[in-house]
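A.B. asks: Need coordinates for the below:
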Amino acid sequence: MARMTKEEKKIYLENRLVEMQEYENNLKAKGYKFIVGVDEVGRGPLAGPVVTAAVVMPDGFDILGVDDSKKLTEKKREELYDVILEKAVCYGIGIRDNEVIDQVNILEATKLAMADAIASADEMLRERCGKTIDFVLFDAMKIDAVEKPQMSLIKGDSKSLSIAAASIVAKVTRDRMMADYHGEYPWYGFDSNKGYGTKAHYEGLTAHGMTPIHRKSFLKKFLK
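C.D. replies: This next block holds a predicted model:
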């Protein structure tokens, strides 16, 4: 594919922004006003927490480039993180650490963290507007315990602006946490692998064993 000119890229991103607001706009046409997108980061790593975010985006949001966090550079994610938190109607973050993951399994821990993120965003919305979230868009998830109308979108972080924004907030939040953990446990490469099972990570495990942030249920062969 030929490299896009600056103007072609701008047109592409403008079209993507319109495309990614389709689900939210359809729901607003049905009378829903405060639609929250929810996503998670960190289901697969061997160490660290699962982090979730819930974001309600404002009408008329016109900042280009918000997309699935995995498609963006670290620099772009950091830029958009600040913009999203500044512009969002409300947002919330939910975290469950490795101990909870080991106790209840990663799927249930993710659901608990998502419910926390939604509750936190809901509280912010009540404080700011005196309103509550009235619809939830999930990325390939459904949570019966969240008693709100909801929709599960496969690959939702590349289809919905709200979910994409949540994916960016969750990703930046978790990456910063793992960079901090690297300072405590420098032998595993957490600053670069974010806790995923890279060669350097496994070499660290072999040489130094597990840290307090490792998921024992993911690393049974390293249990003494």
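A.B. asks: Strands of this structure, residue ranges please.
C.D. replies: For the chain, the strands defined by DSSP state E occupy 35-41, 50-56, 90-96, 135-139, 150-153.
A.B. asks: Tally up the residues packed near the closest residue to Leu112 other than its chain neighbours, please.
C.D. replies: Nearest in space to Leu112, with sequence neighbours left out and distances taken as C-beta to C-beta, 6 or more residues apart in numbering, is Arg96 at 5.5 Å. The way it works is simple: take the backbone N, C-alpha and C, and place the C-beta from them, glycine included. Arg96: 24 surrounding residues under other C-beta atoms under 10 Å.
A.B. asks: quick one: pLDDT of Arg96?
C.D. replies: We have a pLDDT of 98 for Arg96.
A.B. asks: Now for it: which residues touch it?
C.D. replies: Contact analysis of Arg96 by C-beta atoms under 8 Å, 6 or more residues apart in numbering lists 49-50, 109-110, 112-113.
A.B. asks: Out of these, which is nearest to Asp175?
C.D. replies: Closest to Asp175 out of the contacts of Arg96 is Pro49 (11.8 Å), distances taken as C-beta to C-beta.
A.B. asks: pretty sure that closest one contacts Arg174?
C.D. replies: Yes - checked against C-beta atoms under 8 Å, the pair Pro49 and Arg174 is within contact range at 7.0 Å.
A.B. asks: shared neighbours, the two?
C.D. replies: Gly42.
A.B. asks: which secondary element of the protein has the worst mean pLDDT?
C.D. replies: helix 6-20 (a mean of 92; mean pLDDT, DSSP states H and E).
A.B. asks: my read: Val146 touches Ala115, true?
C.D. replies: Yes - counting by C-beta under 8 Å, Val146 touches Ala115, with 5.7 Å between them.
A.B. asks: Gly204: what's its closest spatial neighbour, skipping adjacent residues?
C.D. replies: Of all residues not flanking Gly204 in the chain, Tyr188 sits nearest, at 3.8 Å (C-beta to C-beta, 6+ apart).
A.B. asks: Please read the previous query as pertaining to Asp67.
C.D. replies: Asp67's closest residue in space is Ala164 (C-beta to C-beta, 6+ apart), at 5.3 Å.
A.B. asks: re earlier: may I see the contacts of Arg96 organised as CSV, with neighbour count, pLDDT and distance to Arg43 added?
C.D. replies: As requested, the contacts of Arg96 are exported to CSV (neighbours: other C-beta atoms under 10 Å; pLDDT from 0 to 100; distance: C-beta to C-beta, whole Å):
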residue, neighbour count, pLDDT, distance to Arg43
Pro49, 26, 98, 11
Val50, 28, 98, 6
Ala109, 27, 98, 9
Thr110, 23, 97, 6
Leu112, 20, 97, 13
Ala113, 26, 97, 10
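A.B. asks: Most widely separated two among the residues you listed?
C.D. replies: Based on C-beta to C-beta, the longest span within those runs between Pro49 and Leu112 and measures 11.3 Å.
A.B. asks: Let me see the confidence value for the residue nearest to Gly204.
C.D. replies: 97.
A.B. asks: Please report how far it lies from Glu19.
C.D. replies: Between Tyr188 and Glu19 the computed distance is 39 Å (C-beta to C-beta, to the nearest Å).
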